[in-house]
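[1] the following block contains a protein sequence and its predicted model.
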Amino acid sequence: MSIAVSTFGSGSGSRSRVIRVAGPAAARATSSRVDFARQVRPILEARCQPCHFAGGRMYEALPFDREETVHRLGARLFTRIKAEDEQRVIGELLSQGR
Ligand code: HEC
């Protein structure tokens with residue numbers, strides 16, 4: 001990952017520091033690893049409120065603020081989430097395991 005990172009930053013003085021700080025973030029940005037809280041939960045929040053979130057009637061059985069629920073439901077989610085890009089992100093989360 002440090003190869004891609006080394007193209008960042010033009011100042012020579014702060015270079016090594018930039019690399020150290022940017023390293024993990026850049027690795028995350030370029031890897032295909034999907035982050036539940038950042039990439040999947042917002043989709044569910046946008047579409048499945050209020051029922052599957054705190055205070056909703058399905059929160060006890062199927063809380064969508066937990067990654068575990070998404071893994072439990074798997075492809076059954078796609079009966080209600082039809083947008084291709086959203087299915088792709090959720091599919092990637094499922095395929096990467098935990
Ligand atoms: C208006 C309230 C409401 C909203 C909004 C809602 N759900 Fe649900 N959901 C329910 C209820 C009630 C059940 C249990 C009874 C049933 O299956 O209809 C349920 C059950 C489910 C189930 C399990 C049953 C099955 O079909 O396998 C899944 C999966 C599910 N919901 C996904 C979603 C997803 C994904 C969204 C958002 C795109 C969503 N729901 C939005 C109320 C809601």
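    Alright, I've got the coordinates. Because the structure is a prediction, the values reported are computed rather than measured. Residues are numbered from 1 along each chain as shown.
[2] hey, let's count contacts and neighbours off CA atoms from now on
    Noted.
[3] how does the chain divide into domains?
    Described in terms of automatic domain parsing, the domain architecture of the chain consists of the residue ranges 1-31, 36-95.
[4] for the ligand, what are the nearby residues on the chain?
    The chain has residues 44, 47, 48, 49, 50, 51, 58, 73, 76, 77, 80, 81 near the ligand, with proximity defined as Cα under 6 Å from any ligand atom.
[5] turn these into CSV, columns for pLDDT, distance to residue 35 and neighbour count.
    Formatted as CSV, the entries for the residues of the chain next to the ligand read as follows, by pLDDT from 0 to 100; distance: Cα to Cα, whole Å; neighbours: other Cα atoms under 10 Å:
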residue, pLDDT, distance to residue 35, neighbour count
44, 98, 13, 19
47, 96, 18, 13
48, 98, 19, 16
49, 97, 20, 15
50, 98, 22, 15
51, 98, 23, 17
58, 98, 23, 15
73, 98, 17, 12
76, 97, 20, 10
77, 98, 17, 16
80, 97, 21, 11
81, 97, 18, 17
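[6] in this protein, what residue comes closest to the ligand?
    As assessed by Cα to the nearest ligand atom, the ligand sits closest to residue 48 within the chain, at 3.4 Å.
[7] state the distance from that residue to residue 33.
    The spacing between residue 48 and residue 33, counted by Cα to Cα, to the nearest Å, is 23 Å.
[8] now residue 65
    As for residue 65, its distance to residue 33 is 19 Å (criterion: Cα to Cα).
[9] more neighbours: the two, which one.
    Each of residue 65 and residue 33 has its neighbours counted (other Cα atoms under 10 Å); residue 65 has more, 19 against 14.
[10] so that one touches residue 55, yeah?
    No. Using Cα atoms under 8 Å as the test, residue 65 is too far from residue 55 to be in contact (12.0 Å).
[11] show the residue spans covered by the helices in this structure.
    2-5, 15-30, 41-48, 67-73, 84-95 (DSSP state H).
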